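I'd like to go over a predicted model; first the sequence, then the structure.
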Amino acid sequence: MAVPTGGGNKESLPLKPGQWSPGSSPGSGRRGLARSPGGQVPGGARAARRAGGGRRGGRSDPPRGGRAGPAGGGLRDAPGPGPLRLLRVCGERLRAFVDDRMDAIVKADSKIWLTFILAACAGVLHWWHITTLFENDRHFSHLSTLEREMAFRTEMGLYYSYFKIIIEAPSFWNGLCAIMNDRLTEYPLVINTLQRFNLYPEVVLASWYRIYTTVMDFLGVPTKMCWTVNRGKDLSPVESCEGWGDPASFYVAVIFLLNGLMMSLFFIYGTYLSGSHLGGLITVMCYFFNHGECTRVMWTPPLRESFSYPFLVLQMLLLTYILRIPNINKGSLIALCVSNIFFMLPWQFAQFVLLTQIASLFAVCIMGYIDSCKLQKILSVHMVSLVVCFILMFGNSMLLTSYYAASLVVIWGILELSPRVFKRNRSQVCLWVVEGCAWLVGTVTLKYLTSLAFGVADDTPIRYTKTLLLPVVLVVFMVILKRAVKYLRWTFSQTRQHEREERYIQGEVIYHALQLLAYGVLAILIMRLKLFLTPHLCVMASLVCSKQLFGWLFCKIQPKTLVFAILALMAIEGSANLQTQWNIMGEFSNLPQEELLEWIQVNTRQDAVFAGAMPTMASVKLSALRPVVNHPHYEDAGLRARTKIVYSMYSRKPAKEVKKELIKLGVNYYILEESLCVSRKKPGCSMPEIWDVEDPANSGRIPLCTLMSQDSRPYFITVFENSNYRVLKIPNE
């Protein structure tokens, strides 16, 4: 693999023994400072004048009649004896050195402070923006406690319920033990929810909330203000509290602060990548102009990416810094490891993103833009962070059986074995192909073997193999790759005289380009992961300010003129997008579910077990604190089997058979939703029609949910009913 550049725009060609490089003195090495006007060297004219006195400067002949001294000539003729004269010369040189360094430090500090001030402004602006959108959409500050909990639908309600358990427990440790030995989520199973659901954000926020309220109570400072809200329309008034002393308000406020900080990181990221504050400005403005495609934190704060993604931005900023500097220091590696951990712990999808990152870095390495030693250090950081997360997640086998973990091991093996196994006299392109194929085959194979070893159920590759999809695609891929290699070999043979030794683009830019392609693939495969693609497009847009890429254009037009022209064109559609978001006005209300939850709290035992649609079960667990048998966290194979049994109420199976399966799960009450029974957005997409594909033996019969809406006897007893919900009690046989 080729050795990367030292951070310059072009890579210097190797020097032959005894060969002299322009701009460097003998003994100064390849990185000698080239002669240049003072305006192009840090320190200006002073640096140019001092060039003759340092190791890194160009050589100069000493002036006649005396020893070389500082520019200006006055000190050379200083009167006095030898020692005093030498002392004065040293003093003047020391003063010039200190003045020069102070000027450089002040100038650098002013640029750093300006960057942080602008970044802080971007962060505050984004915090205000998402807070306003969230309040406009739900009128959250005027909702009651129950209404706020209902506003956290599906997964959001499930995650928030664990925060609620910890803050309402007698102590923090009691709450932590309760969620680590949980019987409410998948009754009658006892599960460690910290292992299953990536709940460390809730644990941290609950500890902060308890500390905050304890300190404020001790100081006698009020933390919330409550008043009665008249809802009208014959609805009873409710008490609404506002302030950080309210649990839901505290929870949401911390999330929005974190995502405000994320925008500050985006500004710093764009500035550092492009080398200009204008690049940071473009990144931030592109993010705002495409805000609806970049994030959904303003609509769904408790989702895992709201906690995780800001740390990915920090991680990629640190990675860019590591790729750019010639020598990696331990501090940057430790920071990268910590950001990796904070990114992986809150979100189960983090492993897919890190897989694309490792693959992109490997491609950059085999093309010679970074050396294998640097990549191995980065891989070691990823391995350490993966092991730490595995321990903190109490041995969650999904981490070690992921493609990400397999890819780390395979790439490390290739880097170690490649110099010894693959002959270096073969074509460079052939070597790329061999190493790339070794990574692909090795990763898939190792992932399959580790899944077997840990007993993790993942039947997707098996299904693809049974339908011959995977084998056929692999064959087609290999044929296409072979044809591409044949063409590339011919192309490289035609341009061999150039030797392709010079690198006009640094490794971190190549990495970002490959990462963009990887995010594009993720967005195509999983629409939910589009949130990675759009922000990265915003970061890449900052490179229009890069002198390295567009220096030829900046000779003809001022960078500021170009940037503001681009922003003006972007603002035409971008301002319309922002106005659309600002025009969203709403107020959360779900009276049927409110009636359901209040009935459950009053009319059922604390240990009564419920089953029903996944979003509703999250609300039942959160607000009524009743045990449920299924929930919206759908990644577990066992839970998918449970949910299939629960949803058989919407099939055409006999009522007796469905009741028998529900009793096996220990269900006491079933919440039937008529909307799921009759809803049909497209032909063949209603629940009974979907069950016809799964259970063709009962096709043609009346759906069970329809029969239950008419008369639930004799197998079930209707105990509650409103416009949306019907609660069926399951009598014991």
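Thanks, I have it.

doesn't Gln710 make contact with Glu674?
No. Assessed by Cβ atoms under 8 Å, Glu674 is found out of contact with Gln710, at 11.0 Å. Every residue, glycine included, has its C-beta placed from N, CA and C.

show me which of those two is the more surrounded one.
Set side by side, Glu674 and Gln710 show more neighbours around Glu674, with 16 against 7, by other Cβ atoms under 10 Å.

so the residue nearest to the more buried one when sequence neighbours are not counted is in which element?
In this structure, Glu674 finds its nearest non-sequential neighbour in Ser709, 5.8 Å apart by Cβ to Cβ, 6 or more residues apart in numbering. Assigned by DSSP states H and E, Ser709 belongs to helix 704-710.

now what about that helix, what contacts it?
With contact meaning Cβ atoms under 8 Å, 6 or more residues apart in numbering, helix 704-710 is reached by 648-655, 658, 672, 674, 676-677, 687-688, 716, 718, 726, 728.

still on that earlier bit, from Asn192, how far off is the residue nearest to Glu674?
Here the criterion is Cβ to Cβ, to the nearest Å. By it, Ser709 lies 39 Å from Asn192.

and the host helix or strand of Thr283, what other elements does it pack with?
When elements are assigned from DSSP H and E, Thr283 belongs to helix 277-289. Packing contacts for helix 277-289, counted by 3 or more Cβ pairs under 8 Å, 6 or more residues apart in numbering; DSSP states H and E, involve helix 82-138, helix 247-274, helix 530-541, helix 559-582.

out of these, which one sits most buried?
Mean neighbour count (mean count of other Cβ atoms under 10 Å) peaks for helix 247-274 among those, with a mean of 22.

average pLDDT across that one?
For helix 247-274, mean pLDDT rounds to 94.

any idea how far Leu361 is from Val353?
Distance of Leu361 to Val353, computed by Cβ to Cβ: 13 Å.

identify the contacts common to the two.
Taking Cβ under 8 Å, 6+ apart as the contact rule, Leu361 and Val353 touch no residue in common.

can you list the helices and strands packed on helix 277-289 in JSON lines and add distance to Val620?
Listed next are the helices and strands packed on helix 277-289 as JSON lines, based on distance: least, Cβ to Cβ, whole Å:
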{"stretch": "helix 82-138", "distance to Val620": "21"}
{"stretch": "helix 247-274", "distance to Val620": "18"}
{"stretch": "helix 530-541", "distance to Val620": "29"}
{"stretch": "helix 559-582", "distance to Val620": "32"}
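
please report the number of neighbouring residues for the spatially closest residue to Tyr725 that is not a sequence neighbour.
Residue nearest to Tyr725 in three dimensions, not counting chain neighbours: Leu596, with 4.8 Å by Cβ to Cβ, 6+ apart. Using other Cβ under 10 Å as the criterion, Leu596 is surrounded by 25 other residues.

contacting residues for Gly292?
For Gly292, the contacting residues are 577, 580-581, by Cβ under 8 Å, 6+ apart.

of those, closest to Pro237?
Closest to Pro237 out of the contacts of Gly292 is Gln581 (31.3 Å), distances taken as Cβ to Cβ.

so where is the protein shaky, pLDDT-wise?
With pLDDT under 70 as the threshold, the chain has low-confidence stretches at 1-87, 94, 97-108, 419-506, 527, 552, 680, 733.

dihedrals phi and psi, the most centrally placed residue in it?
Per Cα atoms, centre = their mean, the C-alpha nearest to the average position across the chain is that of Tyr309, at 3.1 Å. Phi and psi for Tyr309, reported as degrees, to the nearest 10, are phi -60, psi -40.

I'd say it and Leu261 touch.
No. Tyr309 lies out of contact with Leu261 (Cβ under 8 Å); the separation is 11.5 Å.

hang on, isn't the residue nearest to Tyr725 packed against Ser723?
No. In this structure Leu596 lies outside contact range of Ser723 using Cβ under 8 Å: 10.5 Å.

ok so, going back, which among the helices and strands packed on helix 277-289 is found nearest to Leu375?
helix 247-274 (19.7 Å).

just checking, what packs against that closest one?
Contact here means 3+ Cβ pairs under 8 Å, 6+ apart; on that basis helix 247-274 packs against helix 82-138, helix 145-151, helix 155-168, helix 200-219, helix 277-289, helix 304-324, helix 507-525, helix 530-541.

can I get the last one in CSV, CA atoms only?
Right, the one you point to is helix 530-541. The C-alpha trace of helix 530-541 is given here as CSV (Å, rounded to 0.1, in the frame of the first residue of the first chain):
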residue,chain,number,x,y,z
LYS,A,530,-31.9,8.4,5.2
LEU,A,531,-31.1,10.6,8.2
PHE,A,532,-27.5,9.6,7.7
LEU,A,533,-27.4,10.5,4.0
THR,A,534,-28.9,14.0,4.0
PRO,A,535,-26.7,15.5,6.9
HIS,A,536,-23.6,14.0,5.2
LEU,A,537,-24.6,15.7,2.0
CYS,A,538,-24.6,18.9,4.0
VAL,A,539,-21.1,18.2,5.3
MET,A,540,-19.8,17.4,1.8
ALA,A,541,-21.3,20.7,0.5
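
ok now it, how far from the chain's centre?
Relative to the centre of its chain, helix 530-541 is centred 11 Å away, using Cα atoms, centre = their mean, to the nearest Å.

with stretch 376-395 instead?
For stretch 376-395, the gap between its own C-alpha mean and the chain's C-alpha mean amounts to 17 Å (Cα atoms, centre = their mean).

stretch 674-685 now?
Relative to the chain's own centre, stretch 674-685 is displaced by 35 Å; criterion: Cα atoms, centre = their mean.

and that stretch, what's buried?
Residues 674, 676-677 are the ones in stretch 674-685 that count as buried (16 or more other Cβ atoms under 10 Å).

which residues of the stretch 601-733 of the chain fall in helices?
Along the stretch 601-733 of the chain, the stretches classed as helices by DSSP state H, counting those that start in this stretch are 614-619, 637-646, 655-664, 674-678, 687-694, 704-710.
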